[in-house]
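1. The following block contains a protein sequence and its predicted model.
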Amino acid sequence: MSMGNIFNTAALLTLILFTFSVAGMSLFGQNVPLDGDFVDDHVNFRSFYLAMMTLFRASTGESWNGIMHDCWAGAGIIAVIYWVSFQLISFFIFMNVFIAVIGESFNDNQQAEDENDILALKKKDIKAF
């Protein structure tokens with residue numbers, strides 16, 4: 001029942017990751033050295049694929065602050081603004097929206113089942129009594 005809403009929410013997450021990947025490639029692509037504690041050959045912004053994978057990893061909370069500190073060495077304070085805004089949008093807001101979509105679909109299904117149940121007692125029935 002909620003697959004359409006989940007698909008729309010996943011498409012929005014993909015758009016957010018795409019936007020931040022392009023911005024990250026522009027800001028950190030050649031400026032950040034690959035010899036940091038967290039930024040290396042597999043976690044960097046040198047290609048679009050690696051930028052998307054880095055941001056997907058960071059959106060789950062995996063070492064995002066370490067990557068931010070390594071990016072700070074190459075880009076300065078803009079790295080802090082970039083990473084904090086990405087975390088606020090992707091993890092704290094977006095994941096809550098994703099959970100809300102699933103919860104709302106579950107709630108709608110429960111209400112539809114309750115309306116079909118003839119013997120179910122409702123508050124309006126109790127008040128009418």
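-> Here it is on my side, so go on.
2. Please name the nearest non-neighbouring residue to the most centrally placed residue in the chain.
-> The chain has Ser90 as the residue nearest its centroid, 3.2 Å off, counting by CA atoms, centre = their mean. Excluding the flanking residues, the one nearest Ser90 by CB to CB, 6 or more residues apart in numbering is Ser59, at 4.2 Å. Using the backbone N, CA and C atoms, a C-beta is placed for each residue, glycine as well.
3. How about the contacts made by that neighbour?
-> The contact partners of Ser59, by CB atoms under 8 Å, 6 or more residues apart in numbering, come to Leu13, Leu17, Phe86, Gln87, Ser90, Phe91, Phe94.
4. same question, Val39
-> By CB under 8 Å, 6+ apart, the contact set of Val39 is Val32, Pro33, Ile67, Asp70, Cys71.
5. give me the number of residues near the fourth one?
-> Think Asp70. By other CB atoms under 10 Å, the residues close to Asp70 number 24.
6. Can you give the distance from stretch 13-28 to the centre of its chain?
-> Stretch 13-28 sits 13 Å away from the centroid of its parent chain (CA atoms, centre = their mean, to the nearest Å).
7. could I get it in PDB with only the CA atoms?
-> This file holds the C-alpha atoms of stretch 13-28, laid out as PDB (Å, rounded to 0.1, in the frame of the first residue of the first chain):
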ATOM      1  CA  LEU A  13      16.900  11.000  -1.200                       C
ATOM      2  CA  THR A  14      18.600  10.200  -4.500                       C
ATOM      3  CA  LEU A  15      18.100  13.800  -5.500                       C
ATOM      4  CA  ILE A  16      19.600  15.100  -2.200                       C
ATOM      5  CA  LEU A  17      22.600  12.700  -2.600                       C
ATOM      6  CA  PHE A  18      23.100  13.800  -6.200                       C
ATOM      7  CA  THR A  19      23.100  17.500  -5.300                       C
ATOM      8  CA  PHE A  20      25.500  17.100  -2.400                       C
ATOM      9  CA  SER A  21      27.700  14.800  -4.500                       C
ATOM     10  CA  VAL A  22      28.100  17.400  -7.200                       C
ATOM     11  CA  ALA A  23      28.700  20.100  -4.600                       C
ATOM     12  CA  GLY A  24      31.200  17.800  -2.800                       C
ATOM     13  CA  MET A  25      33.100  17.100  -6.000                       C
ATOM     14  CA  SER A  26      33.300  20.800  -6.700                       C
ATOM     15  CA  LEU A  27      34.500  21.700  -3.100                       C
ATOM     16  CA  PHE A  28      36.600  18.800  -2.100                       C
END
